[in-house]
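Asker: Structure, please.
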Amino acid sequence: MRKTLTFRLTEEQEVWLVRASKTTGRTRGQIVREQIEKARLGPESHPFMRLAGAVTGAADLSRRKGFSKGSKR
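Answerer: Coordinates of the predicted model:
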């Protein structure tokens, strides 16, 4: 069952919503529903993000011995 929700936007939010609607071709309601769904799913919607920052080691492999631009294998 669908429910109607009425709320007030700040002027900045309205400008963003109208611009997003025009550039994507979606209705304002579709955009709002998509954003609510993203918030509802939270970080669980991107399980790979739990790995962000977990990798250690050289940030730039070209600095490691054997991986520099000048080295020949």
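
Asker: remind me which residues of this protein are low pLDDT?
Answerer: Applying pLDDT under 70 to the chain flags residues 1, 43-46, 49, 57-73.

Asker: Run through the helices of it in chain order.
Answerer: Per DSSP state H, the chain has helices spanning 11-24, 28-41. These are given in chain order.

Asker: so which of those helices gets nearest Thr4?
Answerer: helix 28-41 (10.2 Å; CB to CB). To be clear about C-beta, it is placed using only N, CA and C from the backbone, and glycine gets the same treatment.

Asker: and that closest one with helix 11-24, angle?
Answerer: 110 degrees (axes from the mean of the first three to the mean of the last three CA atoms, to 10 degrees).

Asker: on that earlier part again, tabulate the helices of the chain (CSV), appending distance to Ala52 and mean neighbour count.
Answerer: Below are the helices of the chain laid out as CSV (distance: least, CB to CB, whole Å; neighbours: other CB atoms under 10 Å):
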stretch, distance to Ala52, mean neighbour count
helix 11-24, 26, 12
helix 28-41, 17, 12
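
Asker: okay if I get these as CSV plus distance to Ala54?
Answerer: Below are the helices of the chain laid out as CSV (distance: least, CB to CB, whole Å):
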stretch, distance to Ala54
helix 11-24, 33
helix 28-41, 22
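
Asker: for the ones you listed, which one sits closest to Arg2?
Answerer: Judging the helices of the chain by CB to CB, what sits closest to Arg2 is helix 28-41, at 10.4 Å.

Asker: circling back to that earlier point, for Pro47, find the nearest of the helices of the chain.
Answerer: So among those, helix 28-41 is nearest, using CB to CB, at 10.8 Å.

Asker: How about the contacts made by Phe7?
Answerer: Residues near Phe7 by CB atoms under 8 Å, 6 or more residues apart in numbering: none.

Asker: what about it, distance to Gln13?
Answerer: 10 Å (CB to CB, to the nearest Å).

Asker: just Arg28 next, same as before
Answerer: Taking CB to CB, one finds Arg28 at 11 Å from Gln13.
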